[in-house]
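Could you work out the structure for the sequence below:
(one chain, ligands or ions: 1)
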Amino acid sequence: MDEALLKQLQPLRERIDAIDVEILGLLNERARTAQHVGEIKKDVNGPVLRPEREAQVIRRLQQHNPGPLPALAVSAIWTEVMSACRCLEKQGSVAYLGPQGTFSEHAAFSHFGQSVQGIPCASIDEVFRAVEAGRADFGMVPAENSTEGAVSRTLDLLLTTSVRIIGERAMPIRHHLLTSSGTLDGVTSVRAHPQALAQCQDWLTQNHPHLARESVASNAEAARQASIDPTIAAIAGEPAALMWQLQSVAADIQDDPHNRTRFYAIGRLETWPSGSDKTSMILAVPNRAGAVYQMLAPLAENGVSMTRFESRPARTAEWEYFFYVDIEGHQLAPQVASALAALKSQAAFFKVLGSYPAA
Ligand SMILES: O=C(O)C(=O)C[C@]1(C(=O)O)C=C[C@@H](O)C=C1
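Down below sits the predicted model:
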């Protein structure tokens, strides 16, 4: 940089340095206050993470934000601030579908912040097991993709395990075609998780119909393989490309440019109302005409909006389908509580998976 420019920037940079010292002082004061909160919680054996409180802190700041910082930046900054404060109270851990470099890992740290300890798992089953057994405090699991629909393994495990949904996070999913050289010279196959192959199938058919498509356990695993074998290309996102030092042959190859995956944060705690919440549940009804319509009537009667309705074959002799229903509102809110009581009295099977702050 030339002298004249540096001279012009110098007073501004000095101002930034002074502001940073002020912010640091305030952040440490905040951290000491959170430690104090932590001591009180310890006395009553209360959980350190309070998802509803963290959602309220971020929403309140977004409302007060005069700019120019965008709302998303406010949310990202305070997620990290609270992650660091929370970990002074107690370092929590989050299990996710690994290896390192997966979208699940990215979602986990975006949600809980970088101060949490990550526990990569080999499967979604293992994430649920780790949370249920207390080997991890929290988990992050994919719930649905805007192109591919529900992640059925997650739905099944929500039914059969005791874990609670404590939060949700939607992440844009951008897939890139990656190799170690940045070209397709000598490449004979493209590997990825089956969902990623499905999300890029039109692009692959149009652009590289001769590449053999091969499924592997995760995109990050495909990236790892591509990093050691020049005949393999991987479909994966930015984190995996960085992790395995791969070059992009083509960027953003997902067929749907708005491709998004919604993740559930799971844990063993109940969340209190935050002011803007969702409740997830599973229902089953006997197989007779009008049963599903009747099952849902209490929602309309209590003015409760449904945001998701998904069915899954039951694979038990008793009923044919389980219905996964998400609604607006917290289970402790009077209208929701009244709708849930009516649903429970009518349904052949009823399980609330949790209430949690809406993303
Ligand atoms: O308010 C609390 O309960 C705190 O522990 C403080 C704090 C924060 O840093 O603001 C930290 C962790 C909780 O998840 C919620 C908020």
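
Under a three-state scheme, what state does Glu310 occupy?
strand (DSSP: H, G, I helix; E, B strand; the rest coil).

whoops, I mixed them up, Leu343
helix.

dump the residue contacts of it.
The contact partners of Leu343, taken as C-beta atoms under 8 Å, 6 or more residues apart in numbering, are Met281, Leu283, Met295, Pro298, Leu299, Phe350. For every residue, glycine as well, the C-beta is placed using N, CA and C.

List just the nearest of these to the ligand.
Nearest to the ligand, judged by C-beta to the nearest ligand atom, of the contacts of Leu343 is Met281 at 24.6 Å.

and the closest one, helix, strand or coil?
Relying on three-state DSSP, one would call Met281 strand.

That one - how many residues pack around it?
22 (other C-beta atoms under 10 Å).

neighbours around Phe322, how many?
Based on other C-beta under 10 Å, the number of other residues close to Phe322 is 23.

And the furthest pair within the contacts of Leu343?
Leu299 and Phe350 (13.2 Å; C-beta to C-beta).

So those two - more neighbours on which side?
Leu299 (20 against 16).

Can you point out the buried residues in whatever helix or strand that one lives in?
Using DSSP states H and E, the element containing Leu299 is helix 291-301. By neighbour count on 16 or more other C-beta atoms under 10 Å, the buried set for helix 291-301 is Ala291, Met295, Leu296, Pro298, Leu299.

from the residues you listed, which has minimum pLDDT?
Minimum pLDDT for the buried residues of helix 291-301 is recorded at Ala291 (85).

ok, and the closest non-adjacent residue to it?
Leaving aside its chain neighbours, Ala291 sits nearest to Val285 (4.1 Å; criterion: C-beta to C-beta, 6 or more residues apart in numbering).

Roughly how far does that neighbour sit from Met306?
Going from Val285 to Met306 by C-beta to C-beta, to the nearest Å gives 15 Å.

gap between the most centrally placed residue in the chain and Leu246?
Central residue of the chain (C-alpha atoms, centre = their mean): Phe263, 3.3 Å from the mean position. Distance, Phe263 to Leu246, by C-beta to C-beta: 24 Å.

Around the ligand, pick out the residues from this protein.
Ala34, Val37, Val48, Leu49, Arg50, Arg53, Glu54, Val57, Met82, Cys85, Arg86, Glu89 (C-beta under 6 Å from any ligand atom).

now do 5 Å
Residues of the chain that fall close to the ligand, judged by C-beta under 5 Å from any ligand atom: Ala34, Val37, Leu49, Arg50, Arg53, Glu54, Met82, Cys85, Arg86.

Reformat those as a markdown table; add secondary structure, neighbour count and pLDDT.
Listed next are the residues of the chain next to the ligand as a markdown table, based on DSSP: H, G, I helix; E, B strand; the rest coil; neighbours: other C-beta atoms under 10 Å; pLDDT from 0 to 100:
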| residue | secondary structure | neighbour count | pLDDT |
| --- | --- | --- | --- |
| Ala34 | helix | 18 | 96 |
| Val37 | helix | 17 | 95 |
| Leu49 | coil | 22 | 96 |
| Arg50 | coil | 20 | 97 |
| Arg53 | helix | 15 | 98 |
| Glu54 | helix | 22 | 98 |
| Met82 | helix | 21 | 98 |
| Cys85 | helix | 23 | 97 |
| Arg86 | helix | 22 | 96 |
